[in-house]
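Visitor: Quick check, what structure comes out for this input:
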Amino acid sequence: MEDNVIVDTSFTAVINAPIEAVDIPAWCFALPDAEYQGCSPAHVAAGATTDRDGKRMSINVEVIGGTPMVQHYVEQVATPHQLVLKSVSDLFTAAGRTTMVVVWELSVKRLDAGRCEFTNRVHTYPTEEFQAYLDKQGIPFEVFRAGRAPYSAAHNAGETPLFAASLERFALRHAAAA
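Guide: Take a look at the predicted model:
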């Protein structure tokens, strides 16, 4: 599977809130659209729903490297300090529509009594449809991967501290209400 990884990026930021106040799934599935948009200039829209099996789903629309994407993130692991979401995401390119698998992993670990470290990891894989899309255009996978990596890394690096700040505000607001 590692040979088929398109991008695997991971960035961290500090959350100035006790880890006990952090609940990543509660934040993610209640994230207002405007708050999501404020976490990156590439973010267009976000909302929450469920999939056919009743699992929670975060729908995100963003533009990375000039390519609009609609992500259908279904929860795979959901604990207060870790959320793993998996999406077969739609990409809308000049050459047509295709899909890729995106796994989004959010986690926190305790630094001290009042702070924790937030990690935002995104890794992507081709679907069979995506590989056929590349083949049809004569684009070698390695060439696509090399071109996509800087855009994805820059996007993740930019959104990570803003997601951490949003999660911090959410944690402190809910800790005060408790």
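Visitor: which residues are contacting stretch 73-84?
Guide: The contact list for stretch 73-84 (Cβ atoms under 8 Å, 6 or more residues apart in numbering) reads 19, 22-26, 28, 51, 55-60, 85-87, 102-109. For glycine as for every other residue, the C-beta is placed from the backbone atoms N, C-alpha and C.
Visitor: Mind checking which of the residues you listed land in helices?
Guide: Ile24, Pro25, Ala26, Cys28 (DSSP state H).
Visitor: Neighbour-wise, which one of these leads?
Guide: Neighbour counts for the ones in helices among the contacts of stretch 73-84 peak at Cys28, which has 25 neighbours (criterion: other Cβ atoms under 10 Å).
Visitor: Name the nearest of the ones in helices among the contacts of stretch 73-84 relative to Pro140.
Guide: Checking the ones in helices among the contacts of stretch 73-84 against Pro140 by Cβ to Cβ gives Cys28 as the nearest, at 35.5 Å.
Visitor: so what's the residue nearest the centre of the chain bridging to?
Guide: Of all residues in the chain, the one closest to the mean position by Cα atoms, centre = their mean is Trp104, 4.3 Å from it. Trp104 forms beta bridges with Leu85, Val122, as assigned by DSSP bridges.
Visitor: In the protein, which residue sits furthest out from the middle?
Guide: Gly138 (28.9 Å).
Visitor: For that one, which residues are in contact?
Guide: Contact analysis of Gly138 by Cβ under 8 Å, 6+ apart lists nothing.
Visitor: per-residue pLDDT, it?
Guide: You'll see Gly138 listed with a pLDDT of 95.
Visitor: quick one on the thing from earlier: out of the contacts of stretch 73-84, which are buried?
Guide: Among the contacts of stretch 73-84, those scoring as buried are 19, 22-26, 28, 56-58, 60, 85-87, 102-108 (criterion: 16 or more other Cβ atoms under 10 Å).
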